[in-house]
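1. Here is a sequence together with a model predicted from it:
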Amino acid sequence: MDRMLYIAMTGARQNMQALAVTSNNIANSNTTGFRADFSAMRSMPLYGDGQPSRVYAMAERPGTDFSRGAMIATGRDLDIAVRDDGFFAVQGMDGKEAYTRAGDLQITTLGQLVTGAGYPVMGENGPISIPPFQKLEIGVDGTISMVAEGDESLSMSEVDRIKIVKPQLSELYKGEDGLLRLKDGGEAEADADGHIISGTLEGSNVNAAAALVDMIEIARQFEVQTKMMKLAEQNDERTVQILRLS
């Protein structure tokens with residue numbers, strides 16, 4: 001009985017973890033530049049005295065789906081997207097460089113260029129700061145040009161250049177904050193061939209319909225595991241009754 005109970009319990013617990021991953025994907029189906037997480041389970045034999053006859057379930061997040069999301073034209077000057085497989089470099093909450101596809105940029109009251117989530121955008125020499133301006137443009141190579149406030153000549157001057165990187169996808173992992181980082185903890189080199197599309201955002205790559213089907217399937221698996229635990233309890237009660245009669 002105990003073996004059946006523990007096996008069913010591990011299956012139910014890992015189903016809950018897989019459900020959390022799928023729920024997070026669905027919740028971010030409309031998040032700019034979001035990359036979906038994969039959820040999977042594998043069998044883990046229990047080794048000890050005797051033969052490994054018991055096999056437990058273990059859920060894991062084997063990786064991230066790096067397929068591209070849909071391009072959405074907005075016409076807003078500070079909305080940008082990377083045309084190829086590159087990423088924008090930003091500064092994470094830990095102060096280290098990280099990467100994202102979310103190009104919904106904003107300028108704070110202090111003139112700092114940040115993403116919609118508030119992460120400072122990295123330039124050639126660190127986070128980008130924008131002086132007061134009348135007009136601002138972001139070129140296809142990430143160069144930020146502007147007409148300074150009060151400049152009657154309306155001449156465009158270069159401020160900085162957004163750092164675009166294109167590391168190997170196998171070298172990246174996604175943190176709990178949704179940002180991508182290099183597995184070795186280093187910083188990727190800037191990609192000179194990076195191409196930016198201005199006035200456009202890249203949407204999430206989550207297929208909400210497929211994720212919903214996955215959620216239903218996981219919920220059914222969880223129900224099967226709970227029924228097995230209930231059956232184990234019933235078997236235990238019947239065993240006790242038989243022992244009392246004897």
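-> It's in.

2. Check this protein for its longest helix and report it.
-> In the chain, with assignment by DSSP state H, the single longest helix is helix 208-245.

3. so how far is it off the chain centroid?
-> 32 Å (Cα atoms, centre = their mean, to the nearest Å).

4. So which elements touch it?
-> Helices and strands touching helix 208-245, by 3 or more Cβ pairs under 8 Å, 6 or more residues apart in numbering; DSSP states H and E, are helix 2-27. In this view, the C-beta of every residue, glycine as well, is placed from N, C-alpha and C.

5. Adjacent strands (with direction) for the next helix or strand after the helix it packs on?
-> With elements assigned by DSSP states H and E, the helix or strand that comes after helix 2-27 is strand 40-45. Here strand 40-45 is paired, per DSSP bridges, with strand 55-60 (antiparallel).

6. Show me the domain layout of the chain.
-> Listed by automatic domain parsing, the domain ranges of the chain are 2-65+206-245, 71-202.

7. about what we covered before: identify each buried residue in the longest helix of the chain, please.
-> Ala211, Asp214, Met215, Ile218, Gln221, Phe222, Gln225, Met228, Met229, Ala232 (16 or more other Cβ atoms under 10 Å).

8. same question, stretch 14-28
-> The neighbour-count check on stretch 14-28 (16+ other Cβ under 10 Å) flags Gln14, Asn15, Gln17, Ala18, Leu19, Val21, Thr22, Asn24, Asn25, Ile26, Asn28 as buried.

9. do the same with stretch 80-87
-> Along stretch 80-87, these residues count as buried under the neighbour rule (16+ other Cβ under 10 Å): Ile80, Ala81, Val82, Gly86, Phe87.

10. So which of these belong to strands?
-> Ile80, Ala81, Val82, Phe87 (DSSP state E).

11. Identify the residue spatially nearest to the last one, adjacent ones excluded.
-> Excluding its sequence neighbours, the residue lying closest to Phe87 (Cβ to Cβ, 6 or more residues apart in numbering) is Tyr99, at 3.7 Å.

12. Please name every helix or strand in contact with the host helix or strand of that neighbour.
-> Element membership for Tyr99 (DSSP H and E) is strand 97-100. In terms of contacts (3+ Cβ pairs under 8 Å, 6+ apart), strand 97-100 is packed against strand 87-91, strand 180-182.
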